[in-house]
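Visitor: please find the sequence and the predicted model below.
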Amino acid sequence: MKLGVIVGLNASTSIEEKLEGLHSMGFSSCQINCWDTRMYTPEMAERIQAALDKYGITVSTLWCGWSGRKVWNFYEGQTTLGLVPAYARFQRIADLKAGSDFAKLLSVDQIATHAGFLPENPNTELYAEVVSALREVAAHAKANGQYFLFETGQETPTTLRRVIQDIGLDNLGVNLDPANLILYGKANPVDALDTIGEYVRDVHAKDGCYPTDGKNLGKETPLGKGKVNFPALIAGLKALGYDGPVTIEREISGEQQTRDILEAKALLEALI
């Protein structure tokens, strides 16, 4: 397994400086995360590629955001996130296709996103519409020679497996975020490997605690300070034959983020 870190691509900070920082911390892999489709230009791809080559870093996955309002809780999240809200679906399909095209410019063969609160009931019109929308995006990624990865968390592992099966394409996979399964109260991530483990193609190394009320997500924590059993998780991934990227994610900023990333790196190196 190769350790990496999520790197944000936006107009306010230098991607070159971020990749230099990654290199200085001893990493040679990353996911690039982008919510602004205006960044998806050939010129930006050239800049990123030059920095990747300079610092000896590879991109495991392009994590593609989408436009519009987003609220990360159990109430408004249902109506604002991913491809589930009908009012935003057409534009977000276009956003994800643009991300796939940008990933192709970078020769990255995986894109990932949050698909939203995937419907639990497969007998509804909404479920059929969401599966159709996801199939359209995944087919576009397939034409670009890419896998389309679902980041876990907003649905149960069983629902995610059902959606993958119902889409029916062979380029579908999972970006396993063990903390999200806990933050959203959907599953124990170690047990989730029994259901979706065969689809895992990238892993977020993130930790957190279960929700303590019915409206707000649980709290993210530094690695090893939450409810994710990383020794068991890494052992479970090894048992499945997984030898892919493990991408550290710490959703804070500043010096504390750097300290937490380095502590996570040491913890994971000992386990891997």
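Guide: Structure received. Numbers count the residues shown, from 1 in each chain.
Visitor: C-alpha from now on. contacts and neighbour counts both.
Guide: Noted.
Visitor: so how far is Ala103 from the most centrally placed residue in the chain?
Guide: Central residue of the chain (CA atoms, centre = their mean): Glu151, 4.3 Å from the mean position. Computed as CA to CA, to the nearest Å, the Glu151 to Ala103 distance reads 17 Å.
Visitor: do you know the pLDDT at the nearest residue to Ser132 once chain neighbours are set aside?
Guide: Sequence neighbours aside, Ile167 is the residue nearest to Ser132 in space, at 7.3 Å (criterion: CA to CA, 6 or more residues apart in numbering). If you check Ile167, the pLDDT there is 98.
Visitor: quick check: Ile167 vs Phe148, distance?
Guide: For Ile167, the distance to Phe148 equals 11 Å [CA to CA].
Visitor: re the thing from before, wait, isn't the residue nearest to Ser132 in contact with Glu136?
Guide: No. Judged on CA atoms under 8 Å, Ile167 makes no contact with Glu136 at a distance of 9.2 Å.
Visitor: more neighbours, these two?
Guide: The neighbour count for Ile167 versus Glu136, taken as other CA atoms under 10 Å, is higher for Ile167 (19 against 16).
Visitor: and the more buried one, what does it touch?
Guide: Neighbouring residues of Ile167 by CA atoms under 8 Å, 6 or more residues apart in numbering: Val131, Ser132, Leu134, Arg135.
Visitor: show the buried residues in these.
Guide: Buried members of the contacts of Ile167, counted by 16 or more other CA atoms under 10 Å: Val131, Leu134, Arg135.
Visitor: export the contacts of Ile167 to CSV and append columns for pLDDT, secondary structure and distance to Ala235.
Guide: Below are the contacts of Ile167 laid out as CSV (pLDDT from 0 to 100; DSSP: H, G, I helix; E, B strand; the rest coil; distance: CA to CA, whole Å):
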residue, pLDDT, secondary structure, distance to Ala235
Val131, 98, helix, 32
Ser132, 98, helix, 35
Leu134, 98, helix, 31
Arg135, 98, helix, 32
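Visitor: quick one, helices of this structure?
Guide: 15-24, 42-55, 77-80, 86-105, 125-143, 157-167, 178-183, 189-196, 230-239, 255-271 (DSSP state H).
Visitor: looking at those helices, which is buried most?
Guide: helix 178-183 (a mean of 28; mean count of other CA atoms under 10 Å).
Visitor: tell me which strands and helices that one is in contact with?
Guide: When contacts are defined as 3 or more CA pairs under 8 Å, 6 or more residues apart in numbering; DSSP states H and E, helix 178-183 packs onto helix 189-196, strand 200-205, strand 207-208.
Visitor: end to end, how far does stretch 74-86 reach?
Guide: 18 Å.
Visitor: quick one: buried residues of stretch 57-66?
Guide: Ile57, Thr58, Val59, Ser60, Thr61, Leu62, Trp63, Cys64, Gly65, Trp66.
Visitor: C-alpha coordinates for that stretch, PDB please?
Guide: Taking C-alpha atoms only, stretch 57-66 is exported to PDB below (Å, rounded to 0.1, in the frame of the first residue of the first chain):
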ATOM      1  CA  ILE A  57       4.300  12.300  -7.000                       C
ATOM      2  CA  THR A  58       1.600  10.300  -8.600                       C
ATOM      3  CA  VAL A  59      -2.200  11.000  -8.600                       C
ATOM      4  CA  SER A  60      -4.200   8.000  -7.500                       C
ATOM      5  CA  THR A  61      -7.600   9.500  -8.100                       C
ATOM      6  CA  LEU A  62      -9.200  12.900  -9.100                       C
ATOM      7  CA  TRP A  63     -11.900  13.600  -6.500                       C
ATOM      8  CA  CYS A  64     -14.600  15.600  -8.400                       C
ATOM      9  CA  GLY A  65     -16.900  18.000  -6.700                       C
ATOM     10  CA  TRP A  66     -20.000  19.500  -8.200                       C
END
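Visitor: that stretch - what's its average pLDDT?
Guide: So the average pLDDT for stretch 57-66 ends up being 98.
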